[in-house]
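Peer 1: sequence and predicted structure below; questions after.
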Amino acid sequence: QNYQDDKMTIIFSLAPWRENKNLFKISLNLFFFSYNAVLVHVTMSSVYRYALLCNATLRRMFEKTRRSLYALLFWACFFTYWLKTLNEILTDEVVVAEDIIVTIQKMFNVDLNKAGVVGNSIENISKSPLSGKMTFITVLGIVLLVISFCCGCAIHTTLQGDAISPKTKIIHKKALHLLMAQFALPLFFLHIPTFIFEVYSLLIQDTIPMFIKIYIRIFLTYYPVANAAFLTDDFRNFILSISVGECKVVAVDGPPP
């Protein structure tokens, strides 16, 4: 800020990853949708195996006619999701501009026609493209986990009885083991890294380095997205840019660069 002539300048980062901001948003939403699709697929596999063994009424849900209706419902949800996503992407620039104007005027009690801010980040958590989707993924994951667990327990109990022939028992036991592996592998690769970071932070909370704390905060805030997103520098920068919860103002003297 230049106090002599009472002028300030707004400067924004021109990092290369910002040029592909919309592309990152689209790919991030692709990850969200794919992750949800995997969870639903694994759960429906467990439900189908449970229906074959334990519930004739539920088994009729998987008939050809009803499967077609479920497919239409899936695609309807898919297009609705992406229409909402595209609306968020297209209106994001306007929302950010409004946030900047309101924040600057509150901080400095000035008219933007006469003053500005030199800063490096601004963000509203309530309008973050990640906040609502991560809540949805967490709730959906817990619900589907409970459904799959209950189906697995029911299948296991049924296989302990004498109503099924030994040959059929062997077939269904192999199918049950396959379902368990199908459910465990995504859970292991997407959630174990976060669990390790959380335990590590609790054990050495006082001596943990600052950069580890930052990574833990990001992992816990945006898991399981962080496990995939942090594989690339550009994607990590994008996540960091929208995860900042404050507006940092840098005071400078002299003319802007």
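Peer 2: Cool, the structure landed. Numbering: from 1, shown residues only.

Peer 1: show me where pLDDT drops low in the stretch 51-200 of the chain?
Peer 2: 85-105, 108-138, 163, 186-200 (pLDDT under 70).

Peer 1: which stretches in it count as strands?
Peer 2: For the stretch 51-200 of the chain, the strands defined by DSSP state E, counting those that start in this stretch cover 119-121.

Peer 1: got the contact list for A76?
Peer 2: The contact partners of A76, by CB atoms under 8 Å, 6 or more residues apart in numbering, come to none. Every residue, glycine included, has its C-beta placed from N, CA and C.

Peer 1: now it: how far from W82?
Peer 2: 11 Å (CB to CB, to the nearest Å).

Peer 1: one more: S45?
Peer 2: According to CB to CB, S45 and W82 sit 25 Å apart.

Peer 1: and for F183?
Peer 2: 27 Å.

Peer 1: settle it for me: which of those two has more neighbours?
Peer 2: For F183 versus W82, neighbours defined as other CB atoms under 10 Å are more numerous around F183 (21 against 14).

Peer 1: identify the residue nearest that one in space, chain neighbours excluded?
Peer 2: Excluding the flanking residues, the one nearest F183 by CB to CB, 6 or more residues apart in numbering is V42, at 5.1 Å.

Peer 1: I'd guessed that neighbour sits against F149; true?
Peer 2: No. Checked against CB atoms under 8 Å, the pair V42 and F149 is beyond contact range at 11.6 Å.

Peer 1: between the two, tell me which one has more neighbours.
Peer 2: Per other CB under 10 Å, whichever of V42 and F149 has more neighbours is V42, with 21 against 12.

Peer 1: using the three-state scheme, assign that one.
Peer 2: Secondary structure assignment for V42 (DSSP: H, G, I helix; E, B strand; the rest coil): helix.

Peer 1: dump stretch 148-160 to PDB, keeping only the CA atoms.
Peer 2: Taking C-alpha atoms only, stretch 148-160 is exported to PDB below (Å, rounded to 0.1, in the frame of the first residue of the first chain):
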ATOM      1  CA  SER A 148     -22.600 -53.700   2.000                       C
ATOM      2  CA  PHE A 149     -21.600 -54.900   5.500                       C
ATOM      3  CA  CYS A 150     -25.200 -56.000   6.300                       C
ATOM      4  CA  CYS A 151     -25.500 -57.800   3.000                       C
ATOM      5  CA  GLY A 152     -22.200 -59.600   3.600                       C
ATOM      6  CA  CYS A 153     -23.200 -60.700   7.100                       C
ATOM      7  CA  ALA A 154     -26.600 -62.000   5.800                       C
ATOM      8  CA  ILE A 155     -24.800 -64.000   3.100                       C
ATOM      9  CA  HIS A 156     -22.400 -65.400   5.600                       C
ATOM     10  CA  THR A 157     -25.200 -66.400   7.900                       C
ATOM     11  CA  THR A 158     -27.100 -68.100   5.100                       C
ATOM     12  CA  LEU A 159     -24.100 -70.100   4.000                       C
ATOM     13  CA  GLN A 160     -23.800 -71.600   7.500                       C
END
